[in-house]
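Student: okay, sequence plus prediction incoming.
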Amino acid sequence: MFFSFTFVENPPKKTHLTQIEVIPCKICGDKSSGVHYGVITCEGCKGFFRRSQQSSVSYSCSRQSNCPIDRASRTRCQSCRLKKCVAQGMSRDAVKFGRMSKRQRDSLIAEVERHRQQQQQQQRRLQVCTAGVQALGPTYCPGKEPCGGSSHLLQPLPLAPYTFPMDPELQRCGPEVHPHLVCHPGELQAAGLHYRSVQRRAGRNGLADSRVDSRQSSPNQGILRMPGTDPDLHPYDPEDPYCHYPTSLLHIRIEELCDSIVRSHRETSQYPVEELQALRWKIFTREEVQIYHSKTVDEMWQLCADKLSDAVQFVVEFAKRLPGFRQIRQDDQINLLKSGSMEVVLVRMSRLFNTENSTVYFDGKFAGTEVFKTLMCGDLINAVFDFAHSMCALRLTEQQVAIFSALVLINPDRPGLEDRGRVQRMRKDIELALSHILHREHQESLLHRLDEKVAMLKALCSLHIEKLRWFQQLYPLTVHSSFPPLYKELFGSDAERPGVSPP
Ligand code: HC3
């Protein structure tokens, strides 16, 4: 990739800087063409700034001087556009110097590297997402408009008739389709068949082979003594999908469910935890932190809302792939996602958190709380980071994170559920799965500690919404016209749902 420097004498030798166009225009986010007047901008903003310096005209804003400047809106307000150019550091003086200091170059090189990595990750995510689209039907991919034609992003969903392997009932669903959660019956049946086909060769005592391995205190140990699964104490409960299965088959079914939940988690975890290990000491330099501090409050909120929406989309994909989720009534699926997706994001945050320097993987590097200073939500950020520390202290395995995330999402106590019973039955399956793996790993004590985390998640998400309401009071236009539709759908007030005009 080759790019042209403007007003920079003796352009630096070809290094990372030959890929500067991976960094979008700092003013409007359009594709950049180089460093112009000291800042990476597109041709349009370069020309706009040059004209603003040549003419004596002064611009004025007809609104509150906080118009959002992006590719689509950049020509609407010259005053706010020029204000953003100056805020980002564009200056006529940059022409005279013409050269960057070493510090500036290093900072720029780091930023090019970061964007390059993000583009690679975006490609991988889109591949996953595209793969997901092929596997699960049209859905919303971060960075792409939602497919499916609906004006809302989280609306009721059509569910193809499908018999969940552990649920003898058949759930028929309504007529509508939601772009996020749509699937074709074939894929669902295929997924279900795959789920059924993961049979394990039963061992001597009828239990799956994996039960008779060194992890068991004695090979002939019966099914795990979990609540409600002891063959002698197992009361007949027609509501209980397990009551039809003999213990050994019950055991295999639970193993299959664990495998299916973990697979859904791994396919949608956004960042492979192994890759992040290699990056865990890649923290933002002081100059890079300064770049975040030079953003306005609404710019930083917009950046975080974008990042959070991407993260939530992967949680939506996780939910779609959970066995039984599609058998839940459509409105209840949306209800569970709206109330639980941020909680799952915060559970997943622990996978991207470095407790040794209290940093979280964000925007291409590991960021401390100071990176989020401009959000003006120090209490929320500190509480989120404290929670990440407390989750890391549990030292959960990926399998435990996966099944705990499913538990957080499939919560029958969410207000407004229409078919609570069905959510309860799915929840019970997942509780059995969690009990199963904790018993297998002799970590039953974790159950109580995970319960405590559920209460903390609820408090954190309430604080998050409280902060959003505060921000919405100050910057209603930014939320309405610049926040991702998914973010507004999940966290916005009713007035902010896509398709509704601002107050
Ligand atoms: C920092 C973050 C919460 C954590 C989010 C994580 C790290 C979670 C795991 C995902 O796999 C990757 C990921 C992406 C974005 C991270 C979020 C960005 C902002 C958010 C803060 C808590 C601030 C809240 C943002 C606000 C107030 C605009 O909604």
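Tutor: Here it is on my side, so go on. As the structure is a computational prediction, the values presented were derived from the model and not from experiment.
Student: assign a three-state SS to the closest residue to the ligand within the stretch 151-300 of the chain, would you?
Tutor: Closest to the ligand within the stretch 151-300 of the chain is residue 270: 4.1 Å, counting by Cβ to the nearest ligand atom. Using the backbone N, CA and C atoms, a C-beta is placed for each residue, glycine as well. Of the three states, residue 270 takes coil under DSSP: H, G, I helix; E, B strand; the rest coil.
Student: get me the contact residues on the stretch 201-350 of the chain for the ligand.
Tutor: Counting by Cβ under 6 Å from any ligand atom, the stretch 201-350 of the chain comes close to the ligand at 270-271, 301, 304-305, 307-308, 311, 345, 348-349.
Student: ditto for the chain
Tutor: 270-271, 301, 304-305, 307-308, 311, 345, 348-349, 352, 360-362, 372, 375, 377, 384, 464, 467.
Student: are any of these buried, and which?
Tutor: 270-271, 301, 304-305, 308, 311, 345, 348-349, 352, 360-362, 372, 375, 377, 384, 464, 467 (16 or more other Cβ atoms under 10 Å).
Student: quick one: low-confidence residue ranges for the protein.
Tutor: 1-19, 55, 94-249, 494-503 (pLDDT under 70).
Student: what segments of it are strands?
Tutor: 34-36, 39-41, 353-354, 359-362, 365-367 (DSSP state E).
Student: ok, the shortest one: who's next to it in the sheet?
Tutor: Okay, so that is strand 353-354. strand 359-362 (antiparallel) (DSSP bridges).
Student: list the contacts of the strand it pairs with.
Tutor: Residues outside strand 359-362 that contact it (Cβ atoms under 8 Å, 6 or more residues apart in numbering) are 271, 276, 279, 283, 307, 349, 352-354, 366-368, 371, 385, 388.
Student: these, buried ones only, as a ChimeraX selection?
Tutor: Entered in ChimeraX, the line below selects the buried ones among the contacts of strand 359-362, by 16+ other Cβ under 10 Å:
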select :271,276,279,283,349,352,353,354,366,367,368,371,385,388
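Student: between the contacts of strand 359-362, which sits nearest residue 492?
Tutor: residue 307 (16.7 Å; Cβ to Cβ).
Student: check contacts around that closest one.
Tutor: So residue 307 contacts 362-363 (Cβ under 8 Å, 6+ apart).
Student: among the residues of the chain next to the ligand, name the ones in helices.
Tutor: Among these, the subset assigned to helices under DSSP state H consists of 301, 304-305, 307-308, 311, 345, 348-349, 384, 464, 467.
Student: okay, now residue 83: neighbour count?
Tutor: Using other Cβ atoms under 10 Å, residue 83 has 18 neighbouring residues.
Student: quick one: the helices in the stretch 201-350 of the chain, in order.
Tutor: 247-267, 273-279, 286-293, 297-320, 330-349 (DSSP state H, counting those that start in this stretch).
Student: output these as JSON lines; include the columns distance to residue 488.
Tutor: Shown next, in JSON lines, are the helices of the stretch 201-350 of the chain (distance: least, Cβ to Cβ, whole Å):
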{"stretch": "helix 247-267", "distance to residue 488": "26"}
{"stretch": "helix 273-279", "distance to residue 488": "29"}
{"stretch": "helix 286-293", "distance to residue 488": "23"}
{"stretch": "helix 297-320", "distance to residue 488": "9"}
{"stretch": "helix 330-349", "distance to residue 488": "11"}
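Student: residue 440: which of those helices is closest?
Tutor: Using Cβ to Cβ, the helices of the stretch 201-350 of the chain put helix 247-267 closest to residue 440, at 9.3 Å.
Student: got the angle between that closest one and helix 330-349?
Tutor: Here helix 247-267 runs at an angle of 70 degrees relative to helix 330-349 (axes from the mean of the first three to the mean of the last three Cα atoms, to 10 degrees).
Student: and helix 247-267 with helix 297-320, angle?
Tutor: 150 degrees.
Student: name the residues of helix 247-267 that are buried.
Tutor: 247-265.
Student: check stretch 60-71 too.
Tutor: 61, 66-69.
Student: which of these lies closest to the ligand?
Tutor: Using Cβ to the nearest ligand atom, those come closest to the ligand at residue 68, 14.8 Å.
Student: wait, the closest one touches residue 481, no?
Tutor: Yes - between residue 68 and residue 481 there is a contact under Cβ atoms under 8 Å: 5.7 Å.
Student: excluding chain neighbours, what is closest to residue 294?
Tutor: residue 87 (6.9 Å; Cβ to Cβ, 6 or more residues apart in numbering).
Student: state the distance from the one you found to residue 342.
Tutor: 30 Å (Cβ to Cβ, to the nearest Å).
Student: burial measure for the residue nearest to residue 294, as a count.
Tutor: Neighbours around residue 87, by other Cβ under 10 Å: 16.
Student: just residue 392 next, same as before
Tutor: 15.
Student: skipping its backbone neighbours, what lies nearest the residue in the stretch 401-503 of the chain positioned nearest to the ligand in space?
Tutor: The minimum distance from the stretch 401-503 of the chain to the ligand, using Cβ to the nearest ligand atom, falls at residue 467 (5.5 Å). Closest residue to residue 467 in three dimensions, ignoring its sequence neighbours and counting by Cβ to Cβ, 6+ apart: residue 377, at 4.6 Å.
Student: wait, the one you found sits on residue 466?
Tutor: No - applying Cβ under 8 Å as the test, residue 377 and residue 466 come out as separate, 9.4 Å apart.
Student: do you know how far the closest residue to residue 264 other than its chain neighbours is from the ligand?
Tutor: Take residue 264 and drop its neighbours on the chain: the residue closest to it by Cβ to Cβ, 6+ apart is residue 321, 3.7 Å away. According to Cβ to the nearest ligand atom, to the nearest Å, residue 321 and the ligand sit 16 Å apart.
Student: burial count for residue 321?
Tutor: Residue 321 is flanked by 20 other residues according to other Cβ under 10 Å.
Student: might one say that it is in contact with residue 266?
Tutor: No - with contacts counted by Cβ under 8 Å, residue 321 stays clear of residue 266, the gap being 10.2 Å.
Student: got phi/psi on the residue of the stretch 151-300 of the chain closest to the ligand?
Tutor: phi 70, psi -50 (degrees, to the nearest 10).
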